[in-house]
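Undergrad: Sequence and predicted structure, then a few things I'm wondering about:
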Amino acid sequence: MSTFTEENYLKAIYKLGHRGEDWVSTNSLAEILNTKASSVTDMVKKLAEKDFVNYKPYTGVNLTAKGLEIAVGTIRKHRLWEVFLVERLDFKWDEVHEIAEELEHINSDELVLRLEKFLGYPKYDPHGDPIPDRNGKVLHHKNRVLSDLKINEEAIIVGVKEHAPSFLQYLEKHNLLLGTRIKVRNKFEFDHSLVVEVKGIENTVSHQVAKNLYVVNE
């Protein structure tokens, strides 16, 4: 059995590992978990004792098969609960993350299977993140981000990298929602901002926003 804290650590290691780090540093973990590096070191040693992670001092940590299973399972529950909260309880996409953080630790395989069936076996959560299947298979994003598009290139927004409520609220206000078709009209070398067209209306989008929007060409 794993605790809430252990699951949060394993999930964080998984997410950092899929950003290209073979070994996740304790400093990276401390930053994402908003805690001290010394506290992280103590925890990863405990995780290593349970065979959830491999730990090398001064190198970092990565997941064992056992730890990977727990991490992916926790993420699966989190994303299914987000779908439930948005589609069935009418929460907005900027309101569900913290609630799902609590619900993801409910330890019932049968509940998760029934929840998935009830929702119609969704493939993506409300933020466009892929939902792992019951076997742990994940269809990771292989999409480009908006900042990669060239002038006059069109694409559809399919996901967001940043889940902060303020960012999601910004996207909603500017009609930059999942499923929206977007066309780049101009790019500025000075700050890498873009002029984009959405539903016939042109607006300027900062590089910070553009690099956090996943897009796919039809």
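TA: Structure's in. What do you need? The structure presented is a predicted model; accordingly, all values stated were derived computationally and were not measured. Numbering: from 1, shown residues only.
Undergrad: Arg114: neighbouring residues, count only.
TA: By other C-beta atoms under 10 Å, 11 other residues sit near Arg114. All C-beta spots, glycine's among them, are computed from the backbone N, C-alpha and C.
Undergrad: what helix or strand does it sit in?
TA: helix 109-118 (DSSP states H and E).
Undergrad: chain center to that helix, what's the gap?
TA: Relative to its parent chain, helix 109-118 has a centroid offset of 21 Å by C-alpha atoms, centre = their mean, to the nearest Å.
Undergrad: Outline the domain layout of the chain.
TA: By the assignment in automatic domain parsing, the chain contains the domains 4-63, 144-216.
Undergrad: Quick one: mean pLDDT over the last one.
TA: What domain 144-216 shows for mean pLDDT is 95.
Undergrad: ok so, going back, reformat the domains of the chain as JSON lines; add distance to Gly136.
TA: Converted to JSON lines, the domains of the chain look like this (distance: least, C-beta to C-beta, whole Å):
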{"stretch": "domain 4-63", "distance to Gly136": "11"}
{"stretch": "domain 144-216", "distance to Gly136": "20"}
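Undergrad: What score does His141 have for pLDDT?
TA: Reading off the confidence values, His141 has pLDDT 66.
Undergrad: how about the strands in this structure?
TA: 53-56, 60-63, 144-145, 154-160, 181-187, 194-198, 201-205, 213-216 (DSSP state E).
Undergrad: The third one pairs with which strands, and in what direction?
TA: With DSSP bridges as the test, strand 144-145 is paired with strand 213-216 (antiparallel).
Undergrad: buried stuff in the partner strand?
TA: Within strand 213-216, the residues that count as buried by 16 or more other C-beta atoms under 10 Å are 213-215.
Undergrad: Buried ones in the helix holding Arg114, by neighbour count?
TA: 112, 115-116.
Undergrad: I'd like those as CSV, with pLDDT appended.
TA: Formatted as CSV, these follow (pLDDT from 0 to 100):
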residue, pLDDT
Val112, 97
Leu115, 98
Glu116, 98
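Undergrad: how much space between Pro122 and Val158?
TA: Separation of Pro122 from Val158 (C-beta to C-beta, to the nearest Å): 14 Å.
Undergrad: same question, Ser25
TA: Ser25 is 30 Å from Val158, by C-beta to C-beta.
Undergrad: Equivalent analysis for Val96, please.
TA: Distance from Val96 to Val158, by C-beta to C-beta: 18 Å.
Undergrad: got it, and Asp125?
TA: 12 Å.
Undergrad: do Asp94 as well
TA: 18 Å.
Undergrad: Going by contacts, tell me the helices and strands next to the lengthiest helix in the chain.
TA: Secondary structure of the chain per DSSP state H: the longest helix is helix 65-87. Under the contact definition 3 or more C-beta pairs under 8 Å, 6 or more residues apart in numbering; DSSP states H and E, helix 65-87 sits against helix 4-17, helix 97-103, helix 109-118.
Undergrad: So for Val96 and Val158, which sits in the more crowded spot?
TA: Taking neighbours as other C-beta under 10 Å, Val96 and Val158 compare with Val96 leading, 26 against 17.
Undergrad: what does the model give the more buried one for pLDDT?
TA: At Val96, pLDDT is 97.
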